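> the sequence isn't on hand, but the structure is:
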């Protein structure tokens, strides 16, 4: 191979890598939630977890060097997410589009997430009869699922819930993460 052919081949590989990095970046931007290696691999047509992991980590390091308001972080279960750095959130929060959930359904969802699997009757007892509407809304958004168990329904969160909020898919890990979040929000006396 001549020097010219060598340079051309290297240039082609650099462009190919840059294209794959751009596709991963676009996928993370559009998703707005953590994506796993399999999903990212489908964007760049590869099944090699090592290659996907390397590319996602490279992109993560590029964002660190850029020193911008955005960051790519790796969360549990080898998932990656593009998000706003927390230091910028208070300044731009008011510009965000209407929140996904109002306070009532959000409280119902947090109760379910922390207590799951939980009987529907228990949710209604604790949150009140208005929570029937919350449950419909949460189920419609794909955040919870209700499974019939005799005369009641058992409620638990979905994988989409974990992905949307950047939480673990493992129930024990998810509850631990929620406990830490709650402890941060409610200072101990």
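Cool, the structure landed. This structure is a prediction, so every number in the text was calculated from the model and none was measured.
> what's in contact with the helix or strand bottoming out on mean pLDDT in the chain?
Among the helical and strand segments of the chain, the one scoring lowest on mean pLDDT, DSSP states H and E is helix 89-92, with a mean of 79. With Cβ atoms under 8 Å, 6 or more residues apart in numbering as the test, helix 89-92 has contacts from residue 84. Every C-beta, even on glycine, is put in place using the N, C-alpha and C of the backbone.
> if we use 6 Å, what do you get?
Helix 89-92 has contacts (Cβ atoms under 6 Å, 6 or more residues apart in numbering) with no other residue.
> quick one: the helices in this protein?
3-31, 37-44, 49-66, 89-92, 103-115, 120-127, 131-140, 159-164, 171-185 (DSSP state H).
> least confident of the ones you listed, on average?
The minimum mean pLDDT among the helices of the chain belongs to helix 89-92 (a mean of 79).
> how far off centre is it?
When C-alpha coordinates are averaged (Cα atoms, centre = their mean, to the nearest Å), helix 89-92 and its chain have centres 20 Å apart.
> what do you get for stretch 92-109?
16 Å.
> that one spans what distance, first to last residue?
End-to-end span of stretch 92-109 (Cα to Cα, to the nearest Å): 25 Å.
> got the buried residues for it?
With burial defined by 16 or more other Cβ atoms under 10 Å, the residues of stretch 92-109 counted as buried are 101, 105, 108-109.
> one more: stretch 67-83?
Quick answer for stretch 67-83 (16+ other Cβ under 10 Å): 71-72, 75, 79-83.
> quick revisit: will you turn the buried residues of stretch 92-109 into a markdown table that also has distance to residue 186?
Compiled in a markdown table, these are given as follows (distance: Cβ to Cβ, whole Å):
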| residue | distance to residue 186 |
| --- | --- |
| 101 | 19 |
| 105 | 20 |
| 108 | 18 |
| 109 | 17 |
